[in-house]
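S.K.: here's a sequence, model it:
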Amino acid sequence: MTRAASKRTTTRRALGSIAVGLVVITAAIFGTVVYQSASSSATSPPQPGTARQGPVAPRSRSLGAIAWPASGVSAAGISGIGVLPGPGASQPVPIASVAKVMTAYIILALEALLLPSADNMAWILARWDAGSQAAFTAQMNTTARRLGMTDTRYTDPSGLSASTTSTAADQVRLGMAAMSQPALAHIVALHSAVIPVAGIVRNTNALLGQDGITGLKTGSDTAAGGCILLAAWQQTRGHHTLIVAATFGQPGTMATMLPDALQAGRQLVMALGRALAGQSAQQSGGNKAGKHAQPGSRDNPDGPPQGPGRARGDQKYSPALG
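M.R.: The predicted structure is shown next:
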């Protein structure tokens, strides 16, 4: 066999392994293969009014007051602003299948990990990528530290173990990083996907397409309660601004905790959107009031022209693609 032929054979084998890995990832997110855990048992859309709002307290000078969920722990992140801590934002708690966001972030090819939730597929994927679950879990923790997730400890790739814990603030950091990966952002925005053998599988995130929401991951079990990590795009001052909101530990039965978490997450996204709109209105009013005194404006030629800059971290991806 010539060197060129040998190289082609090696390439084909590598591509075949990658293809198998992608199928396994897809099956894991949607959770229709082999079995589903409690983390994906509730898929009904939330009913209005099922989640109570907590106290309204100022969390950011630029945004003013934000209404946080009354139960569980919460945090949010906004591109160009950063992480906003809500109640219990730095308290490590079990996060159920939300842990699969890290698994998917590392692999970057994962329709099966991020729609429904088959825990066994996450384990298979971990062994495929790193040789063993333990090696992959170590990789998850290393990546968490690199992203500044200092209060996170992964002990399994699926979140089925209650010893896998993180904070709302840390998962917001991961969510912001995950949404910067176009392939991952596209997958978590899918309502459904077609998986070999399994067929059509559907996303447990019933909020997709509402209020600019395009992801990210649901989770629920008896240890973690109802958990949701949401990503949404809001248009402010002509720019698409990314919002990531996390709320974990929503109480209820296995039939109600996930719908309640979805409702609490949606209300948080809406509250953040209103705060952004208020900030934009205040800035626009201030700019109009002082436009004659600003150097470089059309009304004051002194100094270099000042263009409308893009806030640091604003994303350029289309909201339709996540």
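S.K.: Gln171 contacts Thr247, doesn't it?
M.R.: No - counting by C-beta atoms under 8 Å, Thr247 is not a contact partner of Gln171; they are 9.9 Å apart. Quick note: C-beta positions are derived from backbone N, CA and C, even for glycine.
S.K.: between the two, which is the more surrounded one?
M.R.: A side-by-side neighbour count of Gln171 and Thr247, using other C-beta atoms under 10 Å, places Thr247 first with 34 against 31.
S.K.: so that one sits right up against Ser220, yeah?
M.R.: No - between Thr247 and Ser220 there is no contact, the gap being 11.9 Å when judged by C-beta under 8 Å.
S.K.: shared neighbours, these two?
M.R.: Taking C-beta atoms under 8 Å, 6 or more residues apart in numbering as the contact criterion, the residues that touch both Thr247 and Ser220 are 227, 261.
S.K.: what about Ala255, neighbour count?
M.R.: Residue crowding around Ala255 was assessed by other C-beta under 10 Å; the count is 11.
S.K.: tell me the spacing between it and Leu63.
M.R.: As for Ala255, its distance to Leu63 is 35 Å (criterion: C-beta to C-beta, to the nearest Å).
S.K.: just Leu190 next, same as before
M.R.: Look at Leu190 and Leu63: by C-beta to C-beta, they are 30 Å apart.
S.K.: repeat for Ser163
M.R.: Between Ser163 and Leu63 the distance, using C-beta to C-beta, works out to 35 Å.
S.K.: between the two, point out the one with more neighbours.
M.R.: Legend: neighbour count by other C-beta under 10 Å for Ser163 and Leu63, higher for Leu63 (19 against 10).
S.K.: in this structure that one contacts Leu276, no?
M.R.: Yes - proximity of Leu63 to Leu276 meets the contact threshold set by C-beta under 8 Å, at 7.0 Å.
S.K.: find residues that contact each of these two.
M.R.: Shared contacts of Leu63 and Leu276 (C-beta under 8 Å, 6+ apart): Ile78.
S.K.: and the longest helix for the chain?
M.R.: Within the chain, and with DSSP state H defining each element, the longest helix by residue count is helix 257-289.
S.K.: buried residues, that helix. List them.
M.R.: Applying a neighbour-count criterion of 16 or more other C-beta atoms under 10 Å, the buried positions in helix 257-289 are 257-276, 279-280.
S.K.: stretch 179-191 too?
M.R.: Taking 16+ other C-beta under 10 Å as the neighbour-count basis, stretch 179-191 is seen to contain the buried residues 179, 184-190.
S.K.: name the SS class of Arg173, please.
M.R.: helix (DSSP: H, G, I helix; E, B strand; the rest coil).
S.K.: how about the strands in the stretch 51-200 of the chain?
M.R.: Under the criterion DSSP state E, counting those that start in this stretch, the stretch 51-200 of the chain contains strands at 53-60, 64-69, 73-78, 82-85, 93-94, 165-166, 192-195, 199-202.
S.K.: kindly reformat these as a markdown table containing mean neighbour count, mean pLDDT and distance to Trp123.
M.R.: A markdown table is the format used below for the strands of the stretch 51-200 of the chain (neighbours: other C-beta atoms under 10 Å; pLDDT from 0 to 100; distance: least, C-beta to C-beta, whole Å):
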| stretch | mean neighbour count | mean pLDDT | distance to Trp123 |
| --- | --- | --- | --- |
| strand 53-60 | 14 | 42 | 36 |
| strand 64-69 | 20 | 90 | 31 |
| strand 73-78 | 28 | 98 | 27 |
| strand 82-85 | 19 | 96 | 30 |
| strand 93-94 | 21 | 98 | 17 |
| strand 165-166 | 25 | 98 | 19 |
| strand 192-195 | 18 | 84 | 17 |
| strand 199-202 | 15 | 84 | 18 |
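S.K.: I'm done for today, thanks for sticking with me.
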